[in-house]
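Undergrad: Fold the following and give me the result.
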Amino acid sequence: MKFNTKTIHGNQHPDKAYGAVMPPIYQTSTYAQKFVGELKEYSYSRSSNPTRHALEQSLASLENGLYGIAFASGLAAIDAVMKLLKPGDEVISTSDLYGGTYRLFTQIFEGFGIKFHFVGMHHVPTIEKYITANTKLIWVETPTNPMMNIIDIESVASIAKQHNILLTVDNTFATPYLQQPLNLGADIVMHSATKYLGGHSDLVMGGLVVKKKDIADRLYFIQNASGAICGPQDSFLALRGIKTLHVRMQRHCENGAAIARYLNNHPKVSKVYWPGFKQHPNHDIAQKQMSGYGGMLSFSTNNDSIEVAMAILENLKVFTLAESLGGVESLAGHPATMTHASIPKEDRKKIGITDSLIRLSVGIEDVEDLINDLKQALDAS
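TA: Purely as a prediction, here's the structure:
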């Protein structure tokens, strides 16, 4: 089954009770049992729910996995992966990554005795310098947030397998429409389904997809024991969003490319971070492991000041100044004070997150309106 068909039909079946084409919202906490100790498929909705289960099957299909697990948020999904570890274990992580992930790693799990190494993985051999006998997990984000760095998943997977290390890939920016990490050797794929999978800025959710049953069983246990589940209403919304993922991503990619090229030629813009440019670091890797370049990009202005960045953001009319990404509407944000504020300023500077950096989530509006909006905001700054 081709991907565009999978978004609508992958692992999806009419409801058993009445043949409903869309999985119904099973708004229930518990399920009747005929006999003591004789459980049906569902017994309690923290453990499993038919609507959530339908979503998990869809997620597994999209990523060519066997097991999907839907969580209350992307961070809840990351939290579950971290709970596979124990005190004394070490993690090698992408150096420029979502600020919430960095905060969870450094302010929660470091306190539980897990050691993190934040490494620029665009040059894959660098990773091996940090591997020890205690290294149990490599955490990859690609493209990275917000610098759009590209990491060679297949090469990292080769290193991970040599040393018997789990590899998890945050595939939120690319989505399974553009990139499928399990096919490239990853053990776990993570999504903030709040973003492109849901696609309409109306839910908060996370997901994990794996191929191996032993990893899936451990993650299911952690989720059930910890209770980090998403509700049936949000599961329904995510399923609805997934059915248009392919057509939305086509427009996100088209608009993203047009915006990147426009900004790259603007006299007030000093740098555009978008993996579709030939000069972008690891552009050749992006070509190899992605089928397109997505709708995310960042840019800096010639005048490297927070005042100029704020003036641009506050003058936008079609782009909305807001956190998050991946919705049908275009969003603009200031990583240094918004999504990545939890990272110390000196660490932000090391990875390129300057005070003038602006991140765009390019939506599916008419691209001329988006370009005109950026033009008037840049002219007014």
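Undergrad: Could you report the neighbour count for residue 327?
TA: 23 (other C-beta atoms under 10 Å). (C-beta placed from N, C-alpha, C; glycine too.)
Undergrad: With adjacent residues omitted, what lies nearest to it?
TA: Take residue 327 and drop its neighbours on the chain: the residue closest to it by C-beta to C-beta, 6 or more residues apart in numbering is residue 201, 3.8 Å away.
Undergrad: Over to that neighbour. Which of the three states is it?
TA: coil (DSSP: H, G, I helix; E, B strand; the rest coil).
Undergrad: who's in contact with the closest residue to residue 12 other than its chain neighbours?
TA: Using C-beta to C-beta, 6+ apart and skipping residues adjacent in sequence, the residue nearest residue 12 is residue 58, 6.1 Å away. Contacts for residue 58 were tallied using C-beta atoms under 8 Å, 6 or more residues apart in numbering; they are 10-12, 68, 239, 242.
Undergrad: Compare the residues you listed and tell me which is most surrounded.
TA: residue 242 (26 neighbours).
Undergrad: In strands only, show me the contacts of residue 58.
TA: residue 68 (DSSP state E).
Undergrad: In which helix or strand does residue 132 reside?
TA: Taking DSSP states H and E as the definition, residue 132 sits outside all helices and strands.
Undergrad: Might you report the residue contacts of it?
TA: Residue 132 sits next to residue 90 when contact means C-beta under 8 Å, 6+ apart.
Undergrad: Now with 10 Å, please.
TA: Taking C-beta atoms under 10 Å, 6 or more residues apart in numbering, we find residue 132 in contact with 90, 92, 115, 117, 163.
Undergrad: which of those has the most neighbours?
TA: Among these, the one with the most neighbours (other C-beta under 10 Å) is residue 92, at 29 neighbours.
Undergrad: Against residue 215, how distant is the nearest residue in space to residue 63 that is not next to it in sequence?
TA: Among residues not flanking residue 63 along the chain, residue 209 sits closest, at 4.1 Å (C-beta to C-beta, 6+ apart). Distance of residue 209 to residue 215, given as C-beta to C-beta, to the nearest Å: 10 Å.
Undergrad: between the two, what contacts are shared?
TA: In contact with both residue 209 and residue 215: 67, 188, using C-beta under 10 Å, 6+ apart.
Undergrad: Would you map the helices across the stretch 101-250 of the chain?
TA: Ranges of helices within the stretch 101-250 of the chain are 153-162, 175-178, 213-226, 232-242, 245-264, based on DSSP state H, counting those that start in this stretch.
Undergrad: if we can go back for a sec, between residue 209 and residue 215, which has more neighbouring residues?
TA: Shown here are residue 209 and residue 215; by other C-beta under 10 Å, residue 209 has more neighbours (27 against 17).
Undergrad: Would you enumerate the residues in contact with the more buried one?
TA: So residue 209 contacts 56, 59-69, 171, 176, 180-182, 186, 188-191, 216 (C-beta under 10 Å, 6+ apart).
Undergrad: Right, I'll call it a day here.
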